Structure formats: C-alpha cells, structure tokens
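Engineer: I'd like to go over a predicted model; first the sequence, then the structure.
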Amino acid sequence: MCGRWATGVAVVTGRDASGAPLGMAVNSFTSLSLTPPLVLFCPALSSSTWPGIRTSGRFAVNILGAEQETLAAAFSRSGGPKFDGVELESLPDGLPALRGAIARLVCDIEAVHPGGDHEIVVGRVIHTQQDEHPPLLFYRGRTSAMTLG
C-alpha cells in the first residue's frame, strides 16, 4: 500500500570513525520543523551503514536529481563498494556530498527514536545548498525522472 505514495530519493552520507565515506539511499526523508529547522529519515535496524553515521553524530542528505538513477541503485545495495566511480565533493565540515545532487543538507543528530524495525532519526539542519533541477522520484518500487513544465 505504501508503495503507492510517491517520494523523492535521497542518499544520506557521512564518515566512519576512520574518515571513510558512508552512504545509504533513503526514501523516508521528510521535513519535520521549520523553527528550528529539523528533518528526519528512518534507517532499518539491519542497516550496516547507519551505525557508523550514528557514531559520528552528523550526516548529510543528498537529494537526487532526475539524472541520478544510477546513484540511487548503487546506494540502495546492502554492503559492497557504494562509492566506486562516484564523484564526491566535500561539504564545509568535511562530510562527503554527491556531485550533481539537487539539494544538500548538513545535519547534526538531534534525536533517535525507536520505530519498529527502523529507527527515526531527527536531524537539526545546520547548512544547505540547492540547485534548480528536476528531482528523481520513487514510486511502486521504481525510480523515475520528473519533468518540470
């Protein structure tokens, strides 16, 4: 049933304790509050990426554009080298950012709450960047480019 709800596609990135980049695709990303600026996403308890990001206390949300279906697929995989061939940029605080993302938000972890087989991660937004390009959408198990008219 929830597959009939269209969402954007985002990749949450961070660094582990050794400084290596981490990343995972999420479609549970949403705005929570404007004042203060808060967002949330919901990683699975089974995620191998989330524990490293959680330990660092900070993450970036990269909102993918219509041309980035390949990135969505790469970061949706569990395990394996997700960053092979991926062009990265460094955000002001050193977090990895995906080149070409249509928006980026740097967040400090504000709170983590239980949510069934996931956790609900609340992030306080401390920095943003954006471009004016069409988004990548996720609907009924597939990604699709959206055209702006």
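Structural biologist: Here it is on my side, so go on.

Engineer: Only C-alpha atoms from now on, for both contacts and neighbour counts.
Structural biologist: OK.

Engineer: okay but R58 is in contact with A111, surely?
Structural biologist: No - look at R58 against A111 with CA atoms under 8 Å: they stay out of range, at 11.3 Å.

Engineer: Please say which of these two ends up with more neighbours.
Structural biologist: R58 (21 against 12; other CA atoms under 10 Å).

Engineer: which non-adjacent residue is nearest that one?
Structural biologist: Excluding the flanking residues, the one nearest R58 by CA to CA, 6 or more residues apart in numbering is D108, at 4.4 Å.

Engineer: Ok, A74 next?
Structural biologist: K82 (5.7 Å).

Engineer: does the one you found sit in a helix, a strand or a coil?
Structural biologist: coil (DSSP: H, G, I helix; E, B strand; the rest coil).

Engineer: Roughly how far does it sit from G23?
Structural biologist: Distance, K82 to G23, by CA to CA, to the nearest Å: 7 Å.

Engineer: Return the list of strands paired to the helix or strand hosting G14, each annotated with direction.
Structural biologist: Per DSSP states H and E, G14 falls inside strand 10-15. Paired neighbours of strand 10-15 in the sheet (DSSP bridges): strand 21-26 (antiparallel), strand 58-63 (antiparallel).

Engineer: Thanks a lot, see you next time.
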